[in-house]
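1. Give me a 3D structure for the following:
(chains A and B)
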Amino acid sequence: MTEKHIDEISGVSTTGHEWDGIRELDNPMPRWWLWTFYATVLWAIGYTVAYPAWPLLTSATKGVLDYSSRGEVKQELAAASAAQEKYIAAIKAKSVDEIEADGSLRDFATAAGAATFRVNCVQCHGSGAQGSPGFPNLNDDEWLWGGSADQIYKTVTHGIRFADDADTRTSEMPAFAEMLSAVQIGDVSAYVASLSGSVSDPAKVEPGAKIYADNCAACHGANAKGNRELGAPDLTDAIWLYGSGERAIAQQVRAPKNGVMPAWGARLGDVKVKELAVYVHSLGGGE
Amino acid sequence: MLDVGEVERLEAEAVNSAKIRQPLYAARKKIFPKRASGQFRRFKWIVMAITLGIYYLTPWLRWDRGPYAPDQAVLVDLANRRFYFFFIEIWPQEFFFVAGLLVMAGIGLFLITSTVGRAWCGYTCPQTVWVDLFLVVERAIEGDRNARIKLDGAPWSVSKMVKRVTKHTVWLLIAVATGGAWIFYFADAPTLLGEVLTGQAAAVAYMTIAVLTATTYIFGGLMREQVCTYMCPWPRIQAAMLDENSLTVTYNDWRGEPRSRHAKKAAAAGESVGDCVDCNACVAVCPMGIDIRDGQQLECITCALCIDACDSVMDKIGRERGLIAYATLNDYNANMALATGDGAHAIEPALVRQPGGRLVEKVAQFHLGKIFRPRTFIYTAVWALIGLAMLYALLTRERLQLNVLHDRNPQFVVLSDGAIRNGYTVKLLNMIPEPRTIRITLVGLQGGAMSAVGAEQMEGETLAVDVEPDRLKSLKIYVRQPRDRVQPGGTTFRFVARDAAGTETASYDANFIAPEASR
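-> Residues are numbered from 1 along each chain as shown, chains lettered A, B, ... in the order given. Sure thing, here's the model as predicted:
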């Protein structure tokens, strides 16, 4: 310990330390500061009693208020579900068309469907539901199995060519590689391409039309407008699931891809599927 | 007329004296300002009545805006994010009007300070006004200065207790009314008053009242001059605002010194005697506890009460008023030079005073022309320019606005007939308190057609949208262009919104995005 030293000018004792002849005054703390400090100490002690604080071997003290941030989240979630209950009950009771007719219910279902879509559907259909080759764009006005809200609801519930669902939408484009020659496939592809655009060799179109009538018209229709009962696409429009142009068409005739969509009814439950149907129906191409 | 020796001398010591600098952290010495009377005190009463009146009564003024908007003249509607000021309604994005007003207030403060000094501090600052109000209460209950000093020093007794409790109760009531008045700016005043009294108002209303009650009581009743001296930044800033032509409350020592309590005796002894009789009246009335005779100082809020006090003494002893007066530094310096022979000798009152007691002709007096100088012109010009610009903006502002956001994903959709469709989120802002039907049309998109949910399809590719009064309506609009009109890569066009009456139009330039390659 250094000796006690009183500063001559101010009459205040110093800390006793000296640096190059400079000493520091040891003024007392302002009283308001001290009382504030004591109050914070008391507050801290009270806090550790009220809230979880002291670490023990396997956990910590719980605090008399029994507070936990997980509990708080749980409460907030419960409050949110309670607030959603009336909407969910209404969705459960109503058909998709009825849901769409009710403004606030439609808004709720659209928002909820969008959330479900982002988790379960974007992997194939894309985040904007814009699709990609082999996976349909849900914004446009071409629907293989129907574009009304109810038809979309059925498609989402049971899926397409999904083996585990008995009511799944099913059809199959046969592989014509074994039935038609390469020239015939070229001709019929030229004919189909000519329905919506220009072709490389107009001479192929006429023989192609005959091949089409014999082999394709049964499903795609004599006018090639498709058949929704079978999920057979309209071949006269501008939308091509597996690519446009003679080459892509020929590929699909020769060894077709038959896309599969899972059935979501059993996995997500009826309410969520209805919400999804309302959301998809709202994307601009719904019928 | 009183003789100089008969002027009552007050035992008043400046608490914040230049001569005896107080140590830092010294405990506060209580100030017991004496009641002053005179022209400045009268003026301050009027200013106090006006400012307090504005504060307490404004929320109760009504202003008819029709059935779709509140009828409170001044209302900050935080819940709906609207600000109403008589005939003006401001949306949050128009907050720059408020910012502009604050800039004007700032420049106005510069202007006022550069001409008449700290007039804001002395007359209109809420701290000054409420301290004044609290002092009125204190005087009414405990008496004027001497009685209060006596009471303060007296041991505790029933009568002291009664007086103190009464005073603090009245102070607290004023504080509650002050805090209470504040919340009425934020909700319908009569409704809120009913809710507050019946305990049904929002918790935040009670918290606001509590906080403002505490600050009013503590700042106005307990801390008083310490707020100005220690907490407020303005005393520090004002130094930069004042110049040698600004009016400040000045002790004219060129005519007051040498001060003397026994002027006659001194004069008889052949000593020179100034006008100051050292009666301390100026110190006794000072709410800041300073002695103005120490010169201009940080603590002085220029409330001019010392002028009133000194003038009444000068009247009593038959001297000319203005020993303490509003004066500019230039005038003061000129008069000082006159009294000291340009600094050649000590102050010689005979040089500025005629034998009869009147001041000589050469003494510089303030005249209004000194207010007009380049600096004040520039402040006025900037202030007025901002005001005019805001007025212009206010008179020409749009009450119908249109915002358009293009869908990010997908950017465009190919439809089965080869047409291209783009999606837009369109926001219509109906900024008047009346319902309107807005017609939306497309301009500059060949063959363009629109569809939307929640809008009526009209002839000629027009959508009719009903928008609620004073609300924003957001709707999704799909725009399609036939295949043969589509330009590769897209094009730009314009959404035009027009109200049904055709008086207001808003437009927004949007992109129509299409695939790059022609298909």
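2. from here on, contacts and neighbour counts on C-alpha atoms
-> Fine.
3. So which bits of stretch A:252-261 are buried?
-> Residues of stretch A:252-261 classed as buried: A:252-254, A:256, A:261 (neighbour count, 16 or more other Cα atoms under 10 Å in any protein chain shown).
4. Apologies, that question was intended for stretch A:97-110.
-> Of all the residues in stretch A:97-110, those buried under the rule 16+ other Cα under 10 Å are A:99-100, A:105-110.
5. want to throw those into CSV with secondary structure?
-> Listed next are the buried residues of stretch A:97-110 as CSV, based on DSSP: H, G, I helix; E, B strand; the rest coil:
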residue, secondary structure
A:99, helix
A:100, helix
A:105, helix
A:106, helix
A:107, helix
A:108, helix
A:109, helix
A:110, helix
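6. circling back: and the two most separated of the buried residues of stretch A:252-261?
-> The largest separation in the buried residues of stretch A:252-261, counting by Cα to Cα, is between A:254 and A:261 at 22.3 Å.
7. so what are the domain limits for chain A?
-> A:1-65, A:72-168+A:261-281, A:182-254 (automatic domain parsing).
8. I meant chain B, not that one.
-> With automatic domain parsing as the criterion, the domains of chain B are listed as B:26-233, B:241-366, B:400-512.
9. Please identify the most buried of these.
-> Between those, the one whose residues have the most neighbours on average, counting mean count of other Cα atoms under 10 Å in any protein chain shown, is domain B:241-366 (a mean of 19).
10. just to revisit the earlier point, the domains of chain B into a markdown table, with extra columns for distance to chain A?
-> Conversion of the domains of chain B to a markdown table gives the following (distance: least, Cα to the nearest Cα, whole Å):
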| stretch | distance to chain A |
| --- | --- |
| domain B:26-233 | 10 |
| domain B:241-366 | 23 |
| domain B:400-512 | 5 |
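11. from the chain's centre, how far out does stretch B:47-60 sit?
-> Relative to the centre of its chain, stretch B:47-60 is centred 13 Å away, using Cα atoms, centre = their mean, to the nearest Å.
12. Output that stretch as CSV - backbone C-alpha positions only.
-> Listed next in CSV are the C-alpha coordinates belonging to stretch B:47-60 (Å, rounded to 0.1, in the frame of the first residue of the first chain):
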residue,chain,number,x,y,z
VAL,B,47,-47.0,34.6,-24.5
MET,B,48,-47.7,32.0,-21.7
ALA,B,49,-51.4,32.2,-22.2
ILE,B,50,-51.1,31.8,-26.0
THR,B,51,-48.6,28.9,-25.9
LEU,B,52,-50.4,27.0,-23.2
GLY,B,53,-53.7,27.7,-24.9
ILE,B,54,-52.4,26.3,-28.1
TYR,B,55,-51.0,23.2,-26.4
TYR,B,56,-54.0,22.3,-24.3
LEU,B,57,-56.8,23.3,-26.7
THR,B,58,-55.6,22.4,-30.1
PRO,B,59,-56.7,18.7,-29.9
TRP,B,60,-60.3,19.8,-29.2
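13. Return the residues of the stretch 1-150 of chain A in contact with chain B.
-> The stretch 1-150 of chain A comes close to chain B at residues A:30, A:127-130, A:139-142, as judged by Cα under 8 Å from any Cα of the partner chain.
14. Show me just the buried residues among those residues.
-> Burial by neighbour count, judged by 16+ other Cα under 10 Å, picks out A:127-130, A:139-142 from the residues of the stretch 1-150 of chain A next to chain B.
15. What residues does residue 68 make contact with?
-> No chain in the question, so chain A it is. When contacts are counted by Cα atoms under 8 Å, 6 or more residues apart in numbering or on different chains, residue A:68 touches residue A:52.
16. right idea, wrong chain: chain B
-> Under the contact definition (Cα under 8 Å, 6+ apart), the residues listed for residue B:68 are B:433-434, B:469-470.
17. Surely it forms part of a helix?
-> No: Residue B:68: not assigned to a helix; according to three-state DSSP it is coil.
18. Just give the closest residue to residue B:342, not the sequence neighbours.
-> residue B:336 (7.6 Å; Cα to Cα, 6 or more residues apart in numbering or on different chains).
19. my guess is that neighbour contacts residue B:254, does it?
-> Yes: the criterion here is Cα atoms under 8 Å, and residue B:336 meets it with residue B:254 at 5.1 Å.
20. Overlap of the contact sets of those two?
-> Counting by Cα under 8 Å, 6+ apart, the residues touching both residue B:336 and residue B:254 are residue B:347.
21. Remind me which helix or strand residue B:362 belongs to.
-> When secondary structure is defined using DSSP states H and E, no element contains residue B:362, which sits outside every helix and strand.
22. Now do the phi/psi pair for the spatially closest residue to residue B:10 that is not a sequence neighbour.
-> Counting by Cα to Cα, 6+ apart, residue B:280 is the residue found nearest to residue B:10 once chain neighbours are left out, at 5.5 Å. Here the main-chain torsion angles of residue B:280 (degrees, to the nearest 10) amount to phi 70, psi 10.
23. residues contacting residue B:280?
-> B:9-12.
24. On the pLDDT front, check it for me.
-> Looking at residue B:280, its pLDDT is 90.
25. same thing with residue B:28?
-> pLDDT recorded at residue B:28 is 75.
26. roughly how far apart are it and residue A:218?
-> Here the criterion is Cα to Cα, to the nearest Å. By it, residue B:28 lies 103 Å from residue A:218.
27. Over to residue A:193?
-> Distance check for residue A:193 against residue A:218: by Cα to Cα, it reads 18 Å.
28. any idea how far residue B:90 is from residue B:389?
-> Going from residue B:90 to residue B:389 by Cα to Cα gives 16 Å.
29. so is the spatially most central residue of chain A in a helix, a strand, or just coil?
-> Nearest to the mean C-alpha position of chain A, counting by Cα atoms, centre = their mean, stands residue A:118 at 0.4 Å. Secondary structure of residue A:118, reduced to three states by three-state DSSP: helix.
30. so it sits right up against residue A:127, yeah?
-> Yes: under the contact definition of Cα under 8 Å, residue A:118 touches residue A:127, with a separation of 6.5 Å.
31. And residue B:361, how close does it get to residue B:345?
-> Look at residue B:361 and residue B:345: by Cα to Cα, they are 21 Å apart.
32. whoops, I mixed them up, residue B:233
-> 39 Å.
33. what do you get for residue B:376?
-> The span separating residue B:376 from residue B:345 equals 36 Å under the rule Cα to Cα.
34. What residues does residue B:127 make contact with?
-> Taking Cα under 8 Å, 6+ apart as the test, what residue B:127 contacts is B:219-220, B:224, B:227.
35. Those: which two are farthest apart?
-> The distance between the two most remote of the contacts of residue B:127 (Cα to Cα) is 8.9 Å, for B:220 and B:227.
36. neighbouring contacts of the strand or helix carrying residue A:280?
-> Secondary-structure element containing residue A:280, defined by DSSP H and E: helix A:270-281. Contacts of helix A:270-281 with the rest of the structure, by Cα under 8 Å, 6+ apart, involve A:88, A:91-92, A:96, A:99-100, A:106, A:109-114, A:116-117, A:138-139, A:147-150, A:152-153, A:156-157, A:264-265, A:286-287.
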